[in-house]
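> Everything below, folded, please.
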Amino acid sequence: MSDLTSTILFEHPLNEKMRTWLRMEFLLQQLESQRTLDNIASALTFFRTASDLIDVLERGEVRTDLLKELERQQQKLQLWADMPGVDMSLVDSLRSQLKSRASVLMSAPRIGQSLKEDRLISVVRQRLSIPGGCCSFDLPTLHTWLHQPQEQRNQHIDKLLTSLTPLNQSLTIILNLIRQSGPLRAQISLNGFFQDNAEGADLLRLRLPLDPQLYPQISGHKTRYAIRFLPLDSENGTVPARLSFELACC
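Numbers count the residues shown, from 1 in each chain. Next up, the predicted model:
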């Protein structure tokens, strides 16, 4: 199942911390892809995403959790360094990156504060819950901002996204290391069902063939998980008695 064009990758968090990190990663990626705001639709998409990120950041001790994980990953690398045949240049490089990310994150202003204090985000955010509440007569501030030169708007957005760099860099290296900690292994589900022990993992990664068109319904936590495969077409689709897929427990 190595052909990436004929497969699809799913990820599922096994704890609240990982759920929050995956959501932050998703929102940060969306902000980066939406950074060129040249019309009302793209602007509202960007500011809605920024609002969602503010909400996620306000739900927990994001900086503390990331710093703890950066330290944990350094400790894991130290264990690797004691094993024979390990690539010490790679280990040293990763440890240096982790220390650098932790230092930058520690000294950075409160995460997301620039978003919360941005006047434009604030006025748009107040209208997002109102159906159709972002018309030009509701948000003359945004309407005026969109008629500023593109370069001026770009500078505004670049400043906002730059303020998120410490978060983005720390999150990226943490999630990359977690994803690489568990290799994808071939598995078989029987009658659309599979279960196993999670063994203290944070993340499940599944690679499924695109045909048949199935999706996983996953339930689980840090000790055990279960996967049920369901057809995309709930009326006419079928699930094979034996389904080959790949699974990583990270």
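> Could you use CA atoms for every contact and neighbour count after this?
Will do.
> Domain map for this protein?
33-178, 182-247 (the TED database).
> Distance to Leu22 added to those domains, as CSV?
CSV is the format used below for the domains of the chain (distance: least, C-alpha to C-alpha, whole Å):
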stretch, distance to Leu22
domain 33-178, 8
domain 182-247, 10
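> buried sites along whichever strand or helix holds Gln152?
Assigned by DSSP states H and E, Gln152 falls within helix 150-162. Residues Arg153, Ile157, Leu160, Leu161 are the ones in helix 150-162 that count as buried (16 or more other C-alpha atoms under 10 Å).
> any residues touching that helix, and which ones?
The contact list for helix 150-162 (C-alpha atoms under 8 Å, 6 or more residues apart in numbering) reads Leu31, Glu32, Arg35, Thr36, Leu37, Asp38, Ser114, Leu115, Trp145, Leu146.
> Which one of the domains of the chain lies nearest to Ser6?
domain 182-247 (5.6 Å; C-alpha to C-alpha).
> So what's the gap between the closest one and the chain middle?
Domain 182-247 sits 20 Å away from the centroid of its parent chain (C-alpha atoms, centre = their mean, to the nearest Å).
> hmm, back to that, how about the contacts of helix 150-162, which pair is most distant?
Spatial extent of these (C-alpha to C-alpha) is set by the pair Asp38 and Ser114 at 21.9 Å.
> So those two - more neighbours on which side?
It is Ser114, of Asp38 and Ser114, that has more neighbours when counted by other C-alpha atoms under 10 Å, with 18 against 15.
> ok, that one to Thr64 distance?
Separation of Ser114 from Thr64 (C-alpha to C-alpha, to the nearest Å): 19 Å.
> Next: Leu90.
26 Å.
> For Thr7, find the nearest of the domains of the chain.
Judging the domains of the chain by C-alpha to C-alpha, what sits closest to Thr7 is domain 182-247, at 4.2 Å.
> got the contact list for the helix or strand hosting Ser103?
Per DSSP H and E: Ser103 is located in helix 88-107. By C-alpha under 8 Å, 6+ apart, the residues outside helix 88-107 that reach it are 63, 67, 70-71, 73-74, 77, 80-81, 166-167, 169-170, 173.
> rerun at 6 Å
If you take C-alpha atoms under 6 Å, 6 or more residues apart in numbering as the criterion, helix 88-107 is touched by Leu70, Gln74, Pro166, Ser170.
> Need the buried ones from the residues you listed selected in PyMOL.
Selecting only the buried entries of the contacts of helix 88-107 in PyMOL, with 16+ other C-alpha under 10 Å as the criterion:
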select buried, resi 70+74+166+170
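> hmm, which two among the contacts of helix 88-107 are most spread apart?
Gln74 and Pro166 (17.7 Å).
> Remind me what the host helix or strand of Lys116 packs against, helices and strands.
Taking DSSP H and E as the definition, Lys116 sits inside helix 113-117. Packing contacts for helix 113-117, counted by 3 or more C-alpha pairs under 6 Å, 6 or more residues apart in numbering; DSSP states H and E, involve no helix or strand.
> just checking, next helix/strand downstream of it?
Defined by DSSP H and E, the subsequent element after helix 113-117 is helix 119-125.
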